[in-house]
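A.B. asks: Quick one: sequence plus predicted model below, questions after.
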Amino acid sequence: AWIFMQWATSADTQVLITTLGGGTGPTRNSVYDDPRVLANNRVGPGTTRHLGVVRESIAQDMGSEPDLPEWAELSNDTIPVRLGQYFAGQFASAQEAMDDIAKAADAIVKA
């Protein structure tokens, strides 16, 4: 598994996946600036035109978790339990389940 991970995340493999696969965002930051990737910044198969937006979104908008002290409780209990109840048929509709999640989340955050 370790050897596969080394291969799959190597710069050369990431360039191939990005340019031949046409759509995946590389997992290595250096690949975004690789000349082989930049050469595909065009319309067509293997396009990398979207990677500028992907890179910007990762840098500016992505975080591992919301900056909310109550997030652990919400993400480990409140939300998954109610989603499980919905899939088990304990709510009449998805809207009812979402409304219940919102109500519970509001109560936890405001507590």
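C.D. replies: Thanks, I have it.
A.B. asks: For Phe87, which residues are in contact?
C.D. replies: Phe87 makes no contacts at all, as judged by C-beta atoms under 8 Å, 6 or more residues apart in numbering. (Each C-beta comes from the backbone N, C-alpha and C, glycine too.)
A.B. asks: how close does it sit to Ala97?
C.D. replies: Distance check for Phe87 against Ala97: by C-beta to C-beta, to the nearest Å, it reads 9 Å.
A.B. asks: likewise Ala104?
C.D. replies: For Ala104 relative to Ala97 (C-beta to C-beta), the value is 11 Å.
A.B. asks: between these two, what contacts are shared?
C.D. replies: By C-beta under 8 Å, 6+ apart, the residues touching both Ala104 and Ala97 are Arg82.
A.B. asks: So which helix or strand of the protein has the lowest pLDDT on average?
C.D. replies: Sorting the helices and strands of the chain by mean pLDDT, DSSP states H and E puts helix 51-61 at the bottom, at a mean of 84.
A.B. asks: Identify all contacting residues around it.
C.D. replies: Counting by C-beta under 8 Å, 6+ apart, residues outside helix 51-61 touching it are 18, 25-26, 29, 32, 37, 41.
A.B. asks: mind redoing it with 7 Å?
C.D. replies: 25, 32, 37 (C-beta atoms under 7 Å, 6 or more residues apart in numbering).
A.B. asks: If anything else comes up later, I'll come back, but that's it for now.
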